[in-house]
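Asks: model the following, please.
(one chain, ligands or ions: 1)
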Amino acid sequence: MGILTGKTAVITGSTSGIGLAYARAMAKAGANIVLNGMGKPEDIEKERSSIEADFKVKAVHSPADMTKPAEIAGMVALGEKTFGSVDVLVNNAGIQFVAPIEDFPIEKWDAIIAINLSSAFHGIRAAVPGMKKRGWGRIINTASAHSLVASPFKSAYVSAKHGIAGLTKTVALEVATHKITCNCISPGYVWTPLVEKQIPDTMKARNMTKEQVINDVLLDAQPTKEFVTVEQVAALAVYLCSDDASQITGANLSMDGGWTAA
Ligand code: NAD
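Replies: Numbers count the residues shown, from 1 in each chain. Below is the predicted model of the structure:
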């Protein structure tokens, strides 16, 4: 028996990176899983079926687009209909775009605010009634070091992540007496395929070695000079689902190698 046996976790943006690690860690803890996110159907099916085979739980995929409020509500409804409840909601889907404010494409601003911030509002709005009815719930939002500090050229991302931190606190206060907690996790640089893929191009563009790109470009802000791993982020999320974490709510938990201490 895992701490989440008999429970259901919906994880947005879980076809890749941090989201997939959350899904696998929560499945390992016994939860049935609603995967969500984009990707090739055959790749998604591979991840879905390996979760079922590896952890002896059930997993379904919701193709809900995080820019579409009705589809987000449909994703929560799919979890409730398939498994009987949605006990854990992890709002994790996210995209990035980097440009100076005066050139920042309006449609990129709108997409980042929709996917990285508003989708969490829509998901929480849909999941809270069931959690309140059952008297238990865990809401975990993937924020970022950028929920606490800014970097230039990331106006939409930093705004969305600061927004997620505010949403987290507000929801935590509203549901505090219902045995529902709401927290956010704020990673620094996490070693995901997304980050890994940037390295060869940056090596060429800046005429740097792999080590120079990692330490002088990517990890410039991170005092440990090490990446966070997806497994470390996922382990914190599973801990937040435990009874030991029942009094942690409204928190913004940094896992950033010291970035925001500086
Ligand atoms: P990733 O690109 O590997 O995964 C993003 C996921 O979101 C994918 O599953 C993708 O399909 C999904 N997604 C994107 N647009 C979507 C949409 N419209 N509808 C549904 N799903 C959509 O990225 P990641 O690095 O794993 O990032 C996950 C989260 O962690 C994001 O919120 C990101 O801001 C945050 N984060 C990442 C890092 C990092 O260094 N990688 C650091 C801090 C915070």
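Asks: in the longest helix that the chain contains, what's buried?
Replies: With secondary structure taken from DSSP state H, the chain has its longest helix at helix 155-175. Of the residues in helix 155-175, those buried under the neighbour-count criterion (16 or more other C-beta atoms under 10 Å) are 155-165, 167-169, 171-172, 175. C-betas here are computed from N, CA, C, even on glycine.
Asks: hmm, that helix touching the ligand?
Replies: No. On the criterion C-beta under 6 Å from any ligand atom, helix 155-175 is out of touch with the ligand, staying 7.0 Å away.
Asks: isn't residue 92 up against residue 9?
Replies: No. Contact between residue 92 and residue 9 fails when scored by C-beta atoms under 8 Å: they sit 11.0 Å apart.
Asks: more neighbours: these two, which one.
Replies: Summary of the neighbour comparison: residue 92 and residue 9, criterion other C-beta atoms under 10 Å, with residue 9 having more neighbours (32 against 28).
Asks: for stretch 221-232, which positions count as buried?
Replies: So, applying 16+ other C-beta under 10 Å, buried residues of stretch 221-232: 221, 222, 227, 228, 229, 230, 232.
Asks: got it, and stretch 255-262?
Replies: Quick answer for stretch 255-262 (16+ other C-beta under 10 Å): 255, 256, 257, 259, 260.
Asks: wait, what's in contact with the second one?
Replies: Looking back up the chat, that one is residue 256. Applying C-beta atoms under 8 Å, 6 or more residues apart in numbering, we find residue 256 in contact with 145, 186, 187, 188, 189, 222, 228.
Asks: quick one: contacts for the last one?
Replies: By C-beta under 8 Å, 6+ apart, the residues touching residue 228 are 187, 188, 189, 190, 191, 255, 256, 257.
Asks: could you redo the last one with a cut-off of 6 Å?
Replies: By C-beta atoms under 6 Å, 6 or more residues apart in numbering, the contact set of residue 228 is 187, 188, 190, 255.
Asks: among those, which are located in strands?
Replies: With strands identified by DSSP state E, the entries of the contacts of residue 228 that belong to them are 187, 255.
Asks: ok, and of the contacts of residue 228, which contact the ligand?
Replies: Counting by C-beta under 6 Å from any ligand atom, the members of the contacts of residue 228 near the ligand are 187, 190.
Asks: widest-spaced pair of the contacts of residue 228?
Replies: When those are compared pair by pair using C-beta to C-beta, the farthest-apart members prove to be 190 and 255, with a separation of 8.5 Å.
Asks: how far off centre is the longest helix of the chain?
Replies: Helix 155-175 has its C-alpha centroid displaced from the chain centroid by 13 Å (C-alpha atoms, centre = their mean, to the nearest Å).
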